[in-house]
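# attaching a predicted model along with its sequence, questions to come.
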Amino acid sequence: GDSVTQMEGPVTLSEEAFLTINCTYTATGYPSLFWYVQYPGEGLQLLLKATKADDKGSNKGFEATYRKETTSFHLEKGSVQVSDSAVYFCALIQNYGGSQGNLIFGKGTKLSVKP
Amino acid sequence: KAGVTQTPRYLIKTRGQQVTLSCSPISGHRSVSWYQQTPGQGLQFLFEYFSETQRNKGNFPGRFSGRQFSNSRSEMNVSTLELGDSALYLCASSLAGTGVFGYTFGSGTRLTVV
């Protein structure tokens, strides 16, 4: 079945460091890909998305490019801040010609940014 | 625009009891999905409702059930609670028909079974 694999955490960085969180997926067809972020004690917030190959999603300085040839959707940010400390989830959803499957999540990567 | 509202935020129940959780989606959103989040299993899909009909179901026992009302509000019920049901239960809503543009999640209900 479909699945998402993301790098194990936790990831600890200093403020202003470069961030990469790797995400690869296994899926048939052409799923849509997402990054969600979860701050302590809260639900999930959609960070960015890409719905087709070569699309680049971006938001709040974060970027990820849908790479079908490598089945990847790595999350990057050029300069992290303490406020970026959270758990990041990569996810996919299948498209079934107008209907949809459910979100399939990776295990999550905890990011801690030190001042 | 109000977000997805889940009530209650916290619950403590005893093994064997049953529990009902509530979710009010964003106005205009007709699809409501439920997910269970635990440290060991991560985020797992429970079920999805669209226009009062269950459209999709995850791999959970029959003790987990749900429903959706005509105003799109949804409830999920867990009967005969087990310790392993302790989790954060997240509700998510999306526009009708497709979730490819992303779901909006509520803050969740933290269920503790003792």
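It's in. Quick caveat, the model's predicted, so the values are computed rather than measured. Residues are numbered from 1 along each chain as shown, chains lettered A, B, ... in the order given.

# tell me the confidence at residue B:99?
Looking at residue B:99, its pLDDT stands at 58.

# looking at this, residue B:72 is in a strand?
No. Counting by DSSP: H, G, I helix; E, B strand; the rest coil, residue B:72 is not part of a strand but coil.

# the worst-scoring helix or strand of chain B on mean pLDDT: what's the following helix or strand?
Ranked by mean pLDDT, DSSP states H and E, the weakest helix or strand in chain B is strand B:53-57, scoring a mean of 90. Sequence order places strand B:64-68 as the next helix or strand after strand B:53-57, per DSSP states H and E.

# contacts for the next helix or strand after that next one, please.
Proceeding N to C from strand B:64-68, the next assigned helix or strand is strand B:74-78, under DSSP H and E. The contact list for strand B:74-78 (C-beta atoms under 8 Å, 6 or more residues apart in numbering or on different chains) reads B:18-23, B:25, B:32, B:34, B:46-47, B:49, B:63-69, B:85, B:89, B:91, B:111. Bear in mind the C-beta positions are built from the backbone N, C-alpha and C, glycine included.

# mark which of the residues you listed are buried, thanks.
B:19, B:21, B:23, B:25, B:32, B:34, B:46-47, B:49, B:64-66, B:68, B:85, B:89, B:91, B:111 (16 or more other C-beta atoms under 10 Å in any protein chain shown).

# of those, which are in range of chain A?
With the criterion set as C-beta under 8 Å from any C-beta of the partner chain, no member of those is near chain A.

# among the residues you listed, which are located in helices?
Per DSSP state H, helices hold no members of the buried ones among the contacts of strand B:74-78.

# first vs last residue of stretch B:16-27, how far apart are they?
Using C-alpha to C-alpha, to the nearest Å, one end of stretch B:16-27 lies 35 Å from the other.

# can you list contacts of it?
B:1-8, B:11, B:13, B:31-32, B:34, B:72-81, B:89, B:91, B:93, B:104, B:106, B:109, B:111.

# mind listing what's buried along stretch B:38-55?
B:43-50.

# since we're on the residue lying closest to residue A:10 once chain neighbours are set aside, how many residues are nearby?
Computed as C-beta to C-beta, 6 or more residues apart in numbering or on different chains, the closest residue to residue A:10 that is not its neighbour in sequence is residue A:110, at 4.1 Å. Neighbourhood size, residue A:110 [other C-beta atoms under 10 Å in any protein chain shown]: 14.

# what about residue B:35, neighbour count?
Neighbour tally, residue B:35, other C-beta under 10 Å: 26.

# report the contact partners of it.
With C-beta under 8 Å, 6+ apart, residue B:35 has these contacts: A:103, B:43-46, B:89-92.

# 10 Å - rerun?
When contacts are counted by C-beta atoms under 10 Å, 6 or more residues apart in numbering or on different chains, residue B:35 touches A:43-44, A:102-103, A:105, B:42-48, B:58, B:87-92, B:103, B:105, B:108.

# now swap in residue A:5 and tell me
A:22-26, A:71-72, A:90, A:106-107.

# could you rerun that using 7 Å?
Shown in contact with residue A:5 (C-beta atoms under 7 Å, 6 or more residues apart in numbering or on different chains): A:24, A:106.
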